[in-house]
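> Just to be clear, the model below is a prediction. Sequence and coordinates:
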Amino acid sequence: MELHLAGKTVIVTGSGSNIGRAIAHTFAGEGARVVIADISAKDGLRVADEIKTSGARALFVQVDVTRPDQIEAMVSRVIEELGRIDVLVNNAGWDHLGLFIDKPREEWVREVDINFWSVINCTRAVLGHMIEQKSGAIVNVSSDAGRMGEYQEAVYSGCKGGVIAMTKAIAREVGCHGIRLNAVCPGATVGAPEDYGDSSMWRTSDMSRLLTAEAQEKMKKAYPLRRVGTPQDIARSVVFLSSDAASWVTGQTLSVSGGYTMM
Ligand SMILES: NC(=O)c1ccc[n+]([C@@H]2O[C@H](COP(=O)([O-])OP(=O)(O)OC[C@H]3O[C@@H](n4cnc5c(N)ncnc54)[C@H](O)[C@@H]3O)[C@@H](O)[C@H]2O)c1
């Protein structure tokens, strides 16, 4: 199957770690030029170096996706250096487990900023350019939490549900310009130790308590396929939806979660 991604310019937010890193590597493997857009210079540069070492083209841009000014600057730089933007993957996200009733307001604000505002900001920043070139694909990394509402992830679930609805709404508005938007919903996705950047939520928030052998065994039982996901499982679906192989697919929500949700 031809994906026709060779030479395309792809921005992947949050690609310094885990799922985003695997998405960036998978695009690079298809010959795309990948922009590693991450708030962490250390993690982003590591992934850009890995890709360059493999012989593909990568550009690291340090950006906080909650900051529209920084995103505008990134988009201008990418167009200046690489000439166009064919694909945007809104992957950056953040979570911290806790009951809704116990969480401080600052944590909700951070969750909404990173999981929802980031998608609004980055999508708006590339759309004008994509409309002008009459083509583009955007894939939003949501979550199964956004389809079913997850325990101790209330505001995060709300943001991810919002991302799914917004994906469909914008897909209706820009389909006439040749632009497609789809959402991918990972289930629990666990990388190898080297997959995680230092700034990963799996290292810096209490999400790390889901990485113990005991927690993993318990989690697997909730999945019909009896395993948790790998970053590569998610990356393959994101790359497919970004490619010409999915040219008749827009406004869709794909769970990549071993059958955890079926809807
Ligand atoms: N891993 C899972 O089990 C899982 C499940 C469902 C959904 N998801 C979603 O998948 C996406 C990636 O998850 P992950 O497990 O790879 O997370 P991760 O924490 O390992 O990686 C997230 C990356 O985003 C970057 N980032 C964080 N805030 C940023 C900001 N403000 N600006 C720019 N970059 C920023 C971090 O530096 C990091 O490199 C997220 O949207 C997450 O909600 C993950």
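Done, it's in.
> downstream neighbour of whatever helix or strand residue 77 lives in in the secondary structure list?
Element membership for residue 77, per DSSP states H and E: helix 68-82. In the C-terminal direction, the helix or strand that comes right after helix 68-82 (DSSP H and E) is strand 87-90.
> near the ligand, anything from that next one?
No. Using Cβ under 6 Å from any ligand atom, we find that strand 87-90 stays clear of the ligand, coming within 7.8 Å at best. C-betas here are computed from N, CA, C, even on glycine.
> what's that strand packed up against?
Other helices and strands packing on strand 87-90, by 3 or more Cβ pairs under 8 Å, 6 or more residues apart in numbering; DSSP states H and E, are strand 9-13, helix 18-29, helix 118-133, strand 136-141, helix 231-242.
> Make JSON lines from those and add distance to residue 65 and mean neighbour count to it.
Putting those into JSON lines (distance: least, Cβ to Cβ, whole Å; neighbours: other Cβ atoms under 10 Å) gives the following:
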{"stretch": "strand 9-13", "distance to residue 65": "5", "mean neighbour count": "28"}
{"stretch": "helix 18-29", "distance to residue 65": "11", "mean neighbour count": "26"}
{"stretch": "helix 118-133", "distance to residue 65": "4", "mean neighbour count": "19"}
{"stretch": "strand 136-141", "distance to residue 65": "12", "mean neighbour count": "26"}
{"stretch": "helix 231-242", "distance to residue 65": "17", "mean neighbour count": "22"}
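> how about those in CSV, adding mean pLDDT?
Output for the helices and strands packed on strand 87-90, formatted as CSV (pLDDT from 0 to 100):
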stretch, mean pLDDT
strand 9-13, 98
helix 18-29, 98
helix 118-133, 98
strand 136-141, 99
helix 231-242, 98
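> circling back: next, the angle from the helix holding residue 77 to strand 9-13.
Angle between the axes of helix 68-82 and strand 9-13 is 150 degrees (criterion: axes from the mean of the first three to the mean of the last three Cα atoms, to 10 degrees).
> Mind listing what's buried along helix 68-82?
Of all the residues in helix 68-82, those buried under the rule 16 or more other Cβ atoms under 10 Å are 68, 70, 71, 74, 75, 78, 82.
> so what's the last one scoring on pLDDT?
Note on residue 82: pLDDT of 97.
> wait, what's in contact with it?
Under the criterion of Cβ atoms under 8 Å, 6 or more residues apart in numbering, the contact list for residue 82 reads 9, 33, 35, 59.
> I would like a PyMOL command selecting only the buried ones among those residues, please.
Written as a PyMOL command, the selection of buried residues from the contacts of residue 82, which uses 16+ other Cβ under 10 Å, is:
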select buried, resi 9+33+35+59
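> Identify, from the contacts of residue 82, the entry nearest to the ligand.
Proximity of the contacts of residue 82 to the ligand, judged by Cβ to the nearest ligand atom, is greatest for residue 35, which lies at 12.1 Å.
> The closest one touches residue 13, doesn't it?
No. Assessed by Cβ atoms under 8 Å, residue 35 is found out of contact with residue 13, at 9.1 Å.
> quick one, strands of the stretch 101-250 of the chain?
Counting by DSSP state E, counting those that start in this stretch, residue ranges of the strands within the stretch 101-250 of the chain are 136-141, 179-186.
> Including distance to residue 100, could these go into TSV?
What follows is those, written out as TSV (distance: least, Cβ to Cβ, whole Å):
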stretch	distance to residue 100
strand 136-141	23
strand 179-186	21
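> residues near whichever residue of the chain sits closest to the ligand, how many?
In the chain, the residue found nearest to the ligand is residue 93; the distance is 2.3 Å by Cβ to the nearest ligand atom. For residue 93, the count of nearby residues is 25 (other Cβ atoms under 10 Å).
> leaving aside the residues next to it on the chain, what's closest to it?
Distances taken as Cβ to Cβ, 6 or more residues apart in numbering put residue 115 closest to residue 93, at 5.2 Å, once the chain neighbours are dropped.
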